[in-house]
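Engineer: what's the 3D shape of this:
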Amino acid sequence: QVQLVESGGGLVQAGGSLRLSCAASGSILRITVMGWYRQAPGKQRELVASISSGGRTNLADSVKGRFTISRDNAKKTVYLQMNSLKPEDTAVYYCNAEGVRDVAYMTFKSWGQGIQVTVSS
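Structural biologist: Prediction:
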């Protein structure tokens with residue numbers, strides 16, 4: 001099993017900043033991609049940002065220039081630094097990780113439980 005635990009969400013005023021963290025644990029051989037998705041009420045879950053094991057990043061157009069994704073491979077942790085937050089960034093943010101388990105080299109795709117980010121105007 002692979003577990004993802006998120007932290008760092010909360011309530012912030014527009015223009016403020018938050019930093020989300022997500023730590024992976026369990027029977028992991030290698031994590032290839034880690035990322036953050038979000039889901040606002042009444043909307044579909046969407047990709048916010050992702051990062052490969054080599055550091056290649058992909059950010060949604062709506063967050064480019066405001067959000068930064070990074071990861072610490074040794075700690076199996078991914079971070080999302082969110083600056084200049086807007087009310088439309090309000091959503092539940094989910095951590096995602098894909099990779100290979102150390103059990104029979106099985107692949108995995110795991111999700112965190114989700115963490116609320118609320119941006120007030």
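
Engineer: distance of Q3 from S17?
Structural biologist: Note on Q3: its distance to S17, by C-beta to C-beta, to the nearest Å, is 27 Å. The C-beta positions use only the backbone N, C-alpha and C, and glycine is treated the same way.

Engineer: mind listing the helices for the protein?
Structural biologist: Counting by DSSP state H, one finds no helices in the chain.

Engineer: all the strands of it, residue numbers only.
Structural biologist: Along the chain, counting by DSSP state E, strands occupy 2-7, 10-13, 18-26, 28-39, 46-52, 57-59, 67-72, 77-82, 91-101, 107-111, 115-120.

Engineer: and among those strands, the most buried is which?
Structural biologist: Highest mean neighbour count among the strands of the chain (mean count of other C-beta atoms under 10 Å): strand 77-82, with a mean of 22.

Engineer: which residues sit against stretch 94-102?
Structural biologist: 2, 4, 6, 20, 22, 24, 26-39, 45, 50, 78, 106-112, 114-115 (C-beta atoms under 8 Å, 6 or more residues apart in numbering).

Engineer: which ones are touching the nearest residue to Q116 once chain neighbours are set aside?
Structural biologist: Closest residue to Q116 apart from its sequence neighbours, by C-beta to C-beta, 6 or more residues apart in numbering: G9 at 5.2 Å. By C-beta under 8 Å, 6+ apart, the contact set of G9 is L18, L20, Y93, I115, Q116, V117.

Engineer: same question, S62
Structural biologist: E88 are the contacts of S62 under C-beta under 8 Å, 6+ apart.

Engineer: so what's the nearest residue to T77 once chain neighbours are set aside up against?
Structural biologist: Sequence neighbours aside, A23 is the residue nearest to T77 in space, at 4.7 Å (criterion: C-beta to C-beta, 6+ apart). A23 makes contact with L4, V5, K75, K76, T77, according to C-beta under 8 Å, 6+ apart.

Engineer: which strand residues bridge the residue positioned nearest the centre of the chain?
Structural biologist: With distances taken as C-alpha atoms, centre = their mean, W36 lies nearest the centre of the chain, 2.6 Å away. Listed beta-bridge partners, W36: A49, C95 (assigned using DSSP bridges).
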